[in-house]
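Q: with the input below, show me the fold.
(one chain, ligands or ions: 1)
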Amino acid sequence: MHRYTESARRYALHARLLWRAAPVHSVLNVVLVVASAATVTFGIVATGRLIGTLPAAVKAGVGSPAADRAWWWLAAAVAAYVTGPLIHAAENAVAQVVSARYLRLVFDMVAEVGTAPYGITHLEDPEVAGRLDAVKRAMRDWTFVTGVEQTWNLLATRLSGVGALVVAANWNWWAALLAAGSYALMAKVLVAWLATIFDDLLEATGNQRRQASYVRDLMTGAPAAKELRLFGLADWLVHRYSTAWRDAMTVVWRNRHRNLWPILLASAITLVVNAGVFALLARDASAGTVSLASLVTVVQALLALEAFGPLGDNQSALGRNTSTATMLVALRRRLGLPGLPARSPAAEPAEPVEPAEPVEHVEPVEPEPVPAARSAAAVIELREVTFHYPSRTEPTIERLSLHIPAGQSVAIVGINGAGKSTLIKLLCGLYPPDAGIIRIDGGDPSADEATRNRVAVIFQDFVRYHLPLRDNVGFGAHTRHDDDAVLAKALDDAGGTSLLDRLERGWDTVLSSEYAEGTDLSGGQWQRVALARALAAVAGGAGVLVLDEPTAALDVRAEAALFDRFLEVTRGMTTLLVSHRLSSVRHADRIVVIGSTDPTRTGTGIVEDGSHEELMAAGGAYARMFSLQAARFAAAGASETAVDPR
Ligand SMILES: Nc1ncnc2c1ncn2[C@@H]1O[C@H](COP(=O)(O)OP(=O)(O)OP(=O)(O)O)[C@@H](O)[C@H]1O
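A: Model prediction:
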């Protein structure tokens with residue numbers, strides 16, 4: 001029973017989405033659908049009447065009143081059959097608009113799931129990630145759009161069934177109801193069966209199908225192409241793909257077979273009921289209680305009752321669509337978002353389908369007046385901060401306190417896995433701490449957007465946007481994105497001016513060789529572009545600049561020179577540098593070594609804190625790491641002024 005009420009709920013959600021996406025066009029489509037169903041019913045009646053009047057008309061001859069009546073019914077039937085396709089065409093045209101807006105709305109809803117909660121904890125939750133991926137995959141399937149477009153055809157068909165029912169009920173109301181009911185039962189059972197399959201596809205198989213898709217993409221995409229050939233992985237991947245896919249689909253196949261019997265039963269009922277109803281009609285006709293005109297009309301009407309039954313591919317497309325929308329709404333609610341966004345994109349142009357417009361609950365950031373040169377340096381305060389990743393039980397950071405005054409440059413160093421990047425992510429508010437407080441100029445970065453905008457970070461795995469150089473640099477600058485002077489200065493400060501000179505289309509060159517007139521960059525060039533993005537952020541209002549090892553692809557000397565330059569151009573700013581190469585960060589005002597502070601604690605704290613000279617003089621962990629790196633590098637025959645990477 002639950003399955004049947006559930007399908008009613010899904011259709012109700014579908015109706016709400018259509019209404020939200022395109023209210024005017026949806027109402028227009030309903031009107032057209034009613035008109036279309038009416039022409040079908042009228043066509044049935046007119047044809048029946050025409051056939052019924054023909055014998056008398058033929059007998060009475062041309063010009064007789066009977067012949068006139070036949071002509072009238074003929075004209076009416078032709079009008080119905082000609083008008084029907086015209087209305088249908090109009091309905092399709094309006095349906096296109098509705099589907100474009102519907103897609104836009106659903107795209108916004110998905111984008112909001114990915115972007116609206118500022119923290120990234122939810123995206124690392126395997127269940128959320130699996131569902132989000134399943135929704136995105138289902139949206140890419142052609143059935144998703146077809147499902148929306150077919151809504152109106154399905155509605156028109158069902159309504160034409162109502163017309164046929166009224167006509168058939170004129171002959172025998174209970175027989176007509178019985179026939180219509182048997183078709184409806186079959187449709188209900190089939191819809192519930194399809195919904196189970198789609199839910200299984202979306203839910204139960206989410207992770208396994210994700211694995212299978214991942215392996216398939218490895219085989220067909222550029223990123224793994226080199227290793228795939230070098231390690232001879234092709235056969236292994238093909239095998240892995242087919243087993244992952246089979247494992248994923250086993251649940252679907254099993255449920256598909258297990259739930260088949262209600263469909264077989266409903267089909268048998270429909271067959272028996274309809275045989276009985278037609279036998280009843282035949283009996284009435286032979287007894288003379290049904291005229292020839294009525295017989296033709298009722299036969300057509302009874303056949304048209306099939307409109308209440310299963311409607312093939314169109315219905316499964318709509319079923320798939322409603323399953324996806326239901327899952328999306330549930331996912332949104334789980335993340336604390338409203339099921340449906342409050343604002344309608346109906347007023348927006350339907351095409352092209354663009355990325356999400358500002359979402360309802362995230363206040364659009366009003367461009368603030370940005371100082372011409374640079375914004376004020378920020379003060380950073382971490383007090384007794386403890387944090388553990390959702391997928392772990394032990395804390396990664398434990399009771400860590402750090403005060404960074406405005407304008408200081410600080411290097412964060414520590415061994416692999418010490419928690420340097422985690423500390424930076426906490427500073428950006430990407431995760432809220434479990435305990436303790438993090439403040440930037442008094443604001444909480446995990447809760448306050450204006451505070452977050454004060455921090456500009458380039459991570460080790462910074463994004464290489466396949467977009468023009470202008471965007472790759474300008475994305476850092478928020479409100480100054482289009483200010484060429486700001487971008488040029490940032491690129492120059494990052495040591496990337498020569499790169500600009502080499503690009504044929506200058507700032508407009510797309511940084512990807514997958515585009516005509518685009519070009520890819522070397523690892524080092526990409527790092528300079530990323531660095532320029534961080535520097536551009538200063539003009540955009542950032543008060544803290546963080547470089548979390550985005551320079552690993554540069555050689556030792558280049559990284560050291562770049563960091564020195566970075567410290568020079570950002571003098572007076574609050575800056576944080578993370579690097580394994582201690583020589584690269586030795587010129588920072590202050591060096592903070594993080595690591596295990598106490599054997600009873602699993603999380604990281606501050607082990608040492610001071611300037612390069614102070615820490616070297618103290619002869620602690622930093623001094624030992626520095627000397628070790630220097631010795632290794634010297635042994636490798638390089639200059640003694642630079643220190644070996646790792
Ligand atoms: N998203 C995550 N989920 C769970 N654990 C994580 C996640 N990211 C990092 N960790 C774990 O947290 C610990 C600290 O990682 P982090 O990346 O902060 O170290 P790091 O000092 O920056 O390391 P490296 O020098 O290698 O870059 C590691 O044990 C790592 O495995």
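Q: after the longest helix that the chain contains, next one along is what?
A: In the chain, with assignment by DSSP state H, the single longest helix is helix 65-115. Note on helix 65-115: by DSSP states H and E, the next helix or strand toward the C-terminus is helix 126-140.
Q: residue 434: neighbour count?
A: 13 (other Cβ atoms under 10 Å). From N, CA and C alone the C-beta is placed, and that goes for glycine too.
Q: please report phi then psi for it.
A: Dihedral angles of residue 434 (phi, psi; degrees, to the nearest 10) stand at phi -70, psi -40.
Q: you'd agree it is up against residue 387?
A: Yes - the criterion here is Cβ atoms under 8 Å, and residue 434 meets it with residue 387 at 5.5 Å.
Q: overlap in contacts of the two?
A: Residues touching both residue 434 and residue 387 (Cβ atoms under 8 Å, 6 or more residues apart in numbering): residue 395.
Q: tell me how many other residues crowd the residue of the stretch 51-200 of the chain found nearest the ligand.
A: Nearest residue of the stretch 51-200 of the chain to the ligand: residue 124, at 5.3 Å (Cβ to the nearest ligand atom). Residues lying near residue 124 (other Cβ under 10 Å) number 13.
Q: my read: it touches residue 425, true?
A: No - if you go by Cβ under 8 Å, residue 124 and residue 425 don't touch, sitting 11.1 Å apart.
Q: mind listing what the residue of the stretch 51-200 of the chain closest to the ligand touches?
A: Here residue 124 is in contact with 389, 390, 391 (Cβ under 8 Å, 6+ apart).
Q: same question for residue 395.
A: Residue 395 touches 386, 387, 388, 434, 601, 602, 603, counting by Cβ under 8 Å, 6+ apart.
Q: mind checking pLDDT for the fifth one?
A: On the pLDDT scale, residue 601 is placed at 77.
Q: again with the fourth one
A: According to the prediction, residue 434 has pLDDT 90.
Q: distance of it from the ligand?
A: Remark: distance between residue 434 and the ligand (Cβ to the nearest ligand atom, to the nearest Å) = 14 Å.
Q: the stretch 401-550 of the chain: strands as residue ranges?
A: 409-413, 435-440, 455-458, 544-548 (DSSP state E, counting those that start in this stretch).
Q: report the buried residues of the second one.
A: Neighbour-count burial for strand 435-440, counted by 16 or more other Cβ atoms under 10 Å, picks out 436, 438, 439, 440.
Q: how far does the helix or strand encompassing residue 192 sit from the chain's center?
A: For residue 192, the element it lies in under DSSP H and E is helix 173-199. Remark: helix 173-199 is offset 33 Å from the chain centroid, using Cα atoms, centre = their mean, to the nearest Å.
Q: same check on stretch 244-261?
A: Computed by Cα atoms, centre = their mean, the chain-centroid distance of stretch 244-261 equals 26 Å.
Q: give me the contacts around it.
A: 193, 196, 197, 200, 201, 204, 205, 208, 209, 211, 212, 215.
Q: mind redoing it with 6 Å?
A: 193, 196, 197, 200, 201, 204, 205, 208, 209, 211, 212 (Cβ atoms under 6 Å, 6 or more residues apart in numbering).
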